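1. no sequence for this one, just the structure:
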């Protein structure tokens, strides 16, 4: 089977792709969503899907069309039925046409994972398109894995949108607050969600993590100094230690992130970012600022995590405080650069 799957966003695609792969079916993802507005929302969802498709090695086809004017012209006379009369039809028909013209044998959509969509109407539209274009409609009720997929998307740090897509659904969420719980078929149950990631503060033997801490800070003496009075946090993925961090108090307003390190086999999965967000949420109740000292190579990473205010530089820190030369890739570490994160600043989501 050569399957083309209309894909509305990365989070909704997670369970759909996983479940299809478990069946031995490798879907090709197809982005065509001219109903998503405003443009920054459209671009964020598209870019997130591009990032996720690379992460899981899935083929993705982008049909670029930010269709605000066309969308408004087609829905303005019947806003209450905009989903079934325009949004569903235009996206699904474009997908089916592309599938038929490019040798695919079947089509489906990630829209079938959302309990908030009009599931039966979607199904009927797809069945009609299947007959019209003489191509198989692969129907799966993905809703059973909706929560499971959303939880995995959060663990991966994917952008999680707060409304369906168009400006009118945004209004319903943020202004009129009419977002309702989904109506599900009788007897329908979501798959149980087991949280794979847990972050806890370690209160017992903190020295058991010394070997992992040494991967980020090669001085056991220095580590023992800040570990003695610092808070150590452990992020576990399926009960395995994946990432750890140490935070110390500087004064009544400020804490410092002294060490954060991810095990090699868990790197590149966003766990350090998740740990930093957890730490910021944990400390913002009592402190105003979090400080971090880092090497030159790692400055861009911390700036992206909100450490966007330069504080100071300690010249020759890594020369004066370590017995051996410290190298980060091809760069010899010399100076320590300090940046801070305003814990009271509202984060953009």
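-> That came in fine, so what should we check first? Note that the coordinates shown come from a computational prediction; the quantities given were computed from them, not determined experimentally.
2. point out where the stretch 201-349 of the chain drops to low pLDDT.
-> Along the stretch 201-349 of the chain, the model assigns pLDDT under 70 to residues 347-349.
3. what are the ranges of the strands in it?
-> Read by DSSP state E, counting those that start in this stretch, the stretch 201-349 of the chain holds these strands, from start to end of the chain: 231-237, 240-249, 254-262, 289-294, 309-314, 327-328, 331-332, 336-342.
4. in the fourth one, what's buried?
-> Counting neighbours by 16 or more other C-beta atoms under 10 Å, one finds that the buried residues in strand 289-294 are 289, 290, 291, 292, 293, 294. (Each C-beta comes from the backbone N, C-alpha and C, glycine too.)
5. what lines up beside that strand in the sheet?
-> Sheet pairing for strand 289-294, assigned by DSSP bridges, gives strand 254-262 (parallel), strand 336-342 (antiparallel).
6. dump the ones you listed to a markdown table, plus distance to residue 99 and mean neighbour count.
-> Formatted as a markdown table, the entries for the strands paired with strand 289-294 read as follows, by distance: least, C-beta to C-beta, whole Å; neighbours: other C-beta atoms under 10 Å:
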| stretch | distance to residue 99 | mean neighbour count |
| --- | --- | --- |
| strand 254-262 | 40 | 22 |
| strand 336-342 | 47 | 19 |
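7. among those strands, single out whichever gets nearest to residue 149.
-> Using C-beta to C-beta as the measure, strand 254-262 is the one of the strands paired with strand 289-294 that comes nearest residue 149, at 23.9 Å.
8. and the angle for that closest one with strand 240-249?
-> Calculated by axes from the mean of the first three to the mean of the last three C-alpha atoms, to 10 degrees, strand 254-262 forms an angle of 160 degrees with strand 240-249.
9. can you give the domain ranges for the protein?
-> In terms of domains, the chain is parsed into 3-174, 197-342 (source: automatic domain parsing).
10. run the chain-centre distance for the last one.
-> Spelled out, it's domain 197-342. How far domain 197-342 lies from its chain's middle: 22 Å, per C-alpha atoms, centre = their mean, to the nearest Å.
11. ends of that domain, how far apart?
-> Chord length of domain 197-342, first to last residue, is 26 Å (C-alpha to C-alpha, to the nearest Å).
12. go on, stretch 34-44?
-> According to C-alpha to C-alpha, stretch 34-44 extends 13 Å from its N-terminal end residue to its C-terminal end residue.
13. buried residues, stretch 126-143. List them.
-> Buried residues in stretch 126-143, counting neighbours by 16+ other C-beta under 10 Å, are found at 126, 129, 130, 135, 137, 138, 140, 142, 143.
14. what about the most centrally placed residue in the chain, which SS state?
-> Centroid-nearest residue in the chain: residue 158, 1.1 Å away (criterion: C-alpha atoms, centre = their mean). In the three-state summary, residue 158 is assigned as coil, counting by DSSP: H, G, I helix; E, B strand; the rest coil.
15. just give the nearest non-adjacent residue to it, would you?
-> Using C-beta to C-beta, 6 or more residues apart in numbering and skipping residues adjacent in sequence, the residue nearest residue 158 is residue 10, 5.0 Å away.
16. dump the residue contacts of the one you found.
-> When the contact criterion is C-beta atoms under 8 Å, 6 or more residues apart in numbering, the partners of residue 10 are 45, 48, 49, 51, 52, 53, 153, 158, 159.
17. if you rank these by neighbours, which is first?
-> Neighbours here are counted as other C-beta atoms under 10 Å. On that basis the top member of the contacts of residue 10 is residue 49, with 26 neighbours.
18. doesn't residue 12 make contact with that one?
-> No: counting by C-beta atoms under 8 Å, residue 49 sits too far from residue 12 to count as a contact (9.6 Å).
19. closest one of the contacts of residue 10 to residue 236?
-> Nearest to residue 236 among these, counting by C-beta to C-beta, is residue 153 at 19.1 Å.
20. contacts for the one helix or strand that closest one maps to?
-> Element membership for residue 153 (DSSP states H and E) is helix 146-155. By C-beta under 8 Å, 6+ apart, the residues outside helix 146-155 that reach it are 10-16, 18, 113-115, 142, 160, 190-193, 195-197, 274.
21. buried residues in that helix?
-> 146, 148, 149, 150, 151, 152, 153, 155.
22. just the helices in this protein please.
-> With helices called from DSSP state H, the chain shows them at 10-22, 39-55, 68-75, 82, 88-101, 119-133, 146-155, 167-174, 210-213, 220-229, 271-283, 299-304, 317-320.
23. on that earlier part again, adding distance to residue 185, write the domains of the chain out as CSV.
-> Shown next, in CSV, are those (distance: least, C-beta to C-beta, whole Å):
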stretch, distance to residue 185
domain 3-174, 8
domain 197-342, 31
